[in-house]
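Q: sequence unknown, structure follows:
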DNA sequence: CCTTGAAACAGGAATCATTCCGATTCACTC
DNA sequence: GAGTGAATCGGAATGATTCCTGTTTCAAGG
């Protein structure tokens, strides 16, 4: 997702345009990886060294709820990345060495839900972990 | 997995037979659900009110490493359950209302790894969340 | 521009799960 | 039944995340 798309969504939902939100979104743009609140904070060091975690988490949560960011739990920590393809359901391979991700278009749900009659499916999580080609070389 | 199987594995690996381990394993036996360290502690209240979280986590981690328990992260918390079918790869449906799980024999990996040439796959996570038939009724 | 109310923010305290650490106790071996 | 390393206890420490309260900033209207 581009920054313009993100801001369009934010403004459609009556969120104000602030410097912090701008910087946070810029940090995520063009990165194909999951990032933590701490990494956001470190990136903000130049721009706004005093930013509070409250502000970071509040905005990350907002972005995630609006579908601007994708969120996942990695080792018990919240991780976020720019929504790579809004509206198109997908999953990720995540490199455990460098953190890079690779989109996986397949979704295992279709062939499986048939076997869960009377169950009310609300969501699912499918992630593959390992080393990306670049990290395998090393 | 039965308690006897669990103890066989523990003794094969030179772990001592202690009261705490016994009580913890009993708590997990015959439960088809994921449980937290806190739930273990509450269960121990009768038997050993003063048990420390250190002891609980140390043992849960040991059990998990030995394949006696299965472990997963749910909302950033470590959750454990008795290994339901040792050696047989499977996944779970997890009820978000009552916590009960249901084994899913299918694994999506076979049909997908083909699309990850040069990637070194180390693991994966696949879980389905929703309401079980009993909780749907309510 | 200037005002103004609501949204956003800073800073620090509080919370919650988990881990670490030093001192003590226990399970197994001889 | 004594010795030894494993296991445990209790409490302090850590790290991520959230809460709280007073202050600042945004953007819409006059």
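A: Now that the structure is in, tell me what you want to look at. Keep in mind that what you see is a predicted model, and the values were worked out from it rather than measured.

Q: Centre of the chain to stretch A:111-121, how far?
A: 27 Å (CA atoms, centre = their mean, to the nearest Å).

Q: and it, anywhere near chain B?
A: Yes. Contact of stretch A:111-121 with chain B (CB under 8 Å from any CB of the partner chain) involves A:111-112, A:115-116, A:118-121. Where C-beta positions appear, they are placed from N, C-alpha and C, glycine not excepted.

Q: okay, now the domains of chain A?
A: A:3-82, A:91-137 (automatic domain parsing).

Q: Show me the least confident stretch of those domains, going by mean pLDDT.
A: Mean pLDDT values for the domains of chain A show the minimum at domain A:91-137, a mean of 89.

Q: Residue numbers of chain A in contact with chain B?
A: A:73, A:75-78, A:93, A:96, A:102, A:104, A:106, A:108-109, A:111-112, A:115-116, A:118-133, A:135-136.

Q: now, which of the residues you listed lie within helices?
A: Of the residues of chain A next to chain B, the ones assigned to helices by DSSP state H are A:109, A:111-112, A:133, A:135-136.

Q: Just the strands from chain A, written as ranges.
A: Along chain A, the stretches classed as strands by DSSP state E are A:69-74, A:77-82, A:91-95, A:101-104, A:120-131.

Q: The second one - contacts with which helices or strands?
A: Counting contacts by 3 or more CB pairs under 8 Å, 6 or more residues apart in numbering or on different chains; DSSP states H and E, the secondary-structure elements packed against strand A:77-82 are helix A:19-28, helix A:53-65, strand A:69-74.

Q: number of nearby residues for residue A:63?
A: A count of nearby residues for residue A:63, using other CB atoms under 10 Å in any protein chain shown, gives 24.

Q: Quick one, which of the helices and strands packed on strand A:77-82 gets closest to DNA strand D.
A: Among the helices and strands packed on strand A:77-82, the nearest to DNA strand D by CB to the nearest atom of the strand is helix A:53-65 (3.1 Å).

Q: What residues sit buried inside that closest one?
A: Within helix A:53-65, the residues scored as buried using 16 or more other CB atoms under 10 Å in any protein chain shown are A:55-56, A:59-60, A:63.

Q: ditto for stretch A:16-35
A: A:20-21, A:23-25, A:27-28, A:33-35.

Q: Closest to DNA strand C out of these?
A: If you rank the buried residues of stretch A:16-35 by distance to DNA strand C using CB to the nearest atom of the strand, residue A:20 comes first, at 3.2 Å.

Q: any idea how far chain B is from the nearest residue to the closest one once chain neighbours are set aside?
A: For residue A:20, ignoring the flanking residues on the chain, the nearest one in space by CB to CB, 6 or more residues apart in numbering or on different chains is residue A:55 at 5.9 Å. Residue A:55 is 20 Å from chain B, where distance means CB to the nearest CB, to the nearest Å.

Q: From what I see, residue A:55 and residue A:19 are in contact.
A: No. If you go by CB atoms under 8 Å, residue A:55 and residue A:19 don't touch, sitting 10.9 Å apart.

Q: so can I have CSV of the strands of chain A showing mean neighbour count?
A: Output for the strands of chain A, formatted as CSV (neighbours: other CB atoms under 10 Å in any protein chain shown):
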stretch, mean neighbour count
strand A:69-74, 18
strand A:77-82, 19
strand A:91-95, 22
strand A:101-104, 17
strand A:120-131, 17
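
Q: The residue of chain A found nearest chain B: what's it in contact with?
A: At 3.2 Å from chain B, residue A:108 is the closest residue in chain A, using CB to the nearest CB. The contact partners of residue A:108, taken as CB atoms under 8 Å, 6 or more residues apart in numbering or on different chains, are A:124, A:126, B:106, B:108, B:112, B:126.

Q: hmm, try it at 10 Å
A: A:91, A:124, A:126, B:91, B:104, B:106-109, B:111-112, B:126, B:128 (CB atoms under 10 Å, 6 or more residues apart in numbering or on different chains).

Q: Out of those, which is nearest to residue A:68?
A: residue A:91 (18.6 Å; CB to CB).

Q: From residue A:74, how far out is the closest one?
A: Look at residue A:91 and residue A:74: by CB to CB, to the nearest Å, they are 14 Å apart.
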